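Colleague: Structure, please.
(one chain, ligands or ions: 2)
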Amino acid sequence: NEILGEQCKAQLDAEFGEGKSIFIQCDVTHGDALRDAFQRTVDQFGRLDIAINNAGINNEKYWEKTIQVNLTSVIKGTYLALEHMSKEYGKIGGTIINVSSMAAFLHSPHQPVYTATKHGVIGFTRAIADASLQGDYGVRINVLCPAFVDTPLLHTVENEDNMGKFVKFKDDFKRSMNKFGVLQPSLIAEGMMRLITDNSLNGAVMKITCSKGIHFHTYEPMSA
Ligand SMILES: NC(=O)C1=CN([C@@H]2O[C@H](COP(=O)(O)OP(=O)(O)OC[C@H]3O[C@@H](n4cnc5c(N)ncnc54)[C@H](O)[C@@H]3O)[C@@H](O)[C@H]2O)C=CC1
Ligand SMILES: CCCCCC(=O)CC\C=C/C=C/C=C/[C@@H](O)[C@@H](O)CCCC(=O)O
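Modeller: Ligands and ions are numbered 1, 2, ... in the order given. This next block holds a predicted model:
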């Protein structure tokens, strides 16, 4: 979103001074463009410390696109970030955050593919975080699972263009929103800062909900 991107850059310039940020418009599903965006960032600032794979869509009608954006591009973005961070590439380390959703814990019948992609983000992130630990990449990789958040994405549930045949369930979706509440983006930003600054976290699954705030999912240890 070029307009919002440029507005964000202007805000950062005002707060931190010119030259401290760049905005690069890129379709994350275009692999070469995504690689180029990472490279231009490193060319500009010398190295890459933090990467957040946040792009996401909600489209059950053209569901292959949802998989491309929400899962395939998160995997690609993680691997590109590792090329610029991991000690296996001679770099000095860093941290990566992948954005999933509470839809991976409380599936919604009207978002089957969105739900699948968000499950995939958790599974991939936990696995690659283990690989980073065992392979001594020097990179912490964590996943963030917000509940409903007051952003434009949330309002796509009203659209047949997004929901296809599942749009008839939109009232159920709204009942869930009323039941579980809607978060403000500022709390998600707070969760991201926690994942960035807490060096003890790797492979963590952070949940952010109205009922419990910022907390972590715990998994039963694997039994033999
Ligand atoms: N809003 C909500 O209720 C929840 C959102 N999430 C996740 O949070 C993340 C951010 O979404 P929101 O800020 O809520 O929605 P949003 O619609 O406000 O932001 C999505 C961003 O992704 C970008 N994007 C979409 N497709 C792209 C592509 N092909 N290439 C590059 N950028 C692309 C859009 O330009 C936009 O800036 C998503 O991964 C979403 O699944 C997770 C749980 C709940
Ligand atoms: C249209 C796309 C918007 C994306 C919709 C979501 O991804 C939102 C996530 C869906 C459900 C959220 C439920 C939150 C529940 C919490 O309040 C918590 O109380 C549930 C406890 C279960 C748990 O923590 O595992």
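Colleague: Okay, strands next: where are they in this protein?
Modeller: Ranges of strands in the chain, per DSSP state E, are 50-53, 94-99, 139-146, 205-209, 213-216.
Colleague: Let's have these in TSV, adding mean neighbour count and mean pLDDT.
Modeller: C-beta: built from backbone N, CA, C; applies to glycine. Formatted as TSV, those follow (neighbours: other C-beta atoms under 10 Å; pLDDT from 0 to 100):
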stretch	mean neighbour count	mean pLDDT
strand 50-53	18	98
strand 94-99	24	99
strand 139-146	25	98
strand 205-209	21	98
strand 213-216	13	98
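Colleague: Out of those strands, which gets nearest to residue 63?
Modeller: strand 94-99 (18.7 Å; C-beta to C-beta).
Colleague: quick one: the closest one near ligand 1?
Modeller: Yes: shown here: strand 94-99 in contact with ligand 1 (C-beta under 6 Å from any ligand atom) through residue 99.
Colleague: List the contacts of the most centrally placed residue in the chain.
Modeller: Here the mean C-alpha position of the chain is nearest to the C-alpha of residue 99 (C-alpha atoms, centre = their mean), at a distance of 2.1 Å. Taking C-beta atoms under 8 Å, 6 or more residues apart in numbering as the criterion, residue 99 is in contact with 52, 53, 54, 56, 74, 121, 143, 144, 146.
Colleague: filter these by proximity to ligand 1?
Modeller: Okay, of the contacts of residue 99 touching ligand 1 (C-beta under 6 Å from any ligand atom), that's 54, 56, 146.
Colleague: ok, of those, which one's closest to residue 192?
Modeller: Of all those, residue 192 sits closest to residue 54, with 8.8 Å by C-beta to C-beta.
Colleague: and that closest one, how many residues sit next to it?
Modeller: When neighbours are defined as other C-beta atoms under 10 Å, residue 54 has 14 of them.
Colleague: for it, phi and psi?
Modeller: Backbone dihedrals for residue 54, given as degrees, to the nearest 10, come out at phi -110, psi -20.
Colleague: How much space separates it from residue 28?
Modeller: 10 Å (C-beta to C-beta, to the nearest Å).
Colleague: Just the CA trace of stretch 202-211, in PDB.
Modeller: Output of stretch 202-211 as PDB, limited to C-alpha atoms (Å, rounded to 0.1, in the frame of the first residue of the first chain):
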ATOM      1  CA  ASN A 202      12.900 -18.500  20.300                       C
ATOM      2  CA  GLY A 203      10.200 -20.700  18.900                       C
ATOM      3  CA  ALA A 204       7.700 -18.900  21.100                       C
ATOM      4  CA  VAL A 205       4.000 -18.700  20.200                       C
ATOM      5  CA  MET A 206       2.700 -15.400  21.500                       C
ATOM      6  CA  LYS A 207      -1.100 -15.000  21.700                       C
ATOM      7  CA  ILE A 208      -2.800 -11.600  22.100                       C
ATOM      8  CA  THR A 209      -6.400 -11.600  23.100                       C
ATOM      9  CA  CYS A 210      -8.900  -9.300  24.900                       C
ATOM     10  CA  SER A 211      -9.400 -11.800  27.700                       C
END
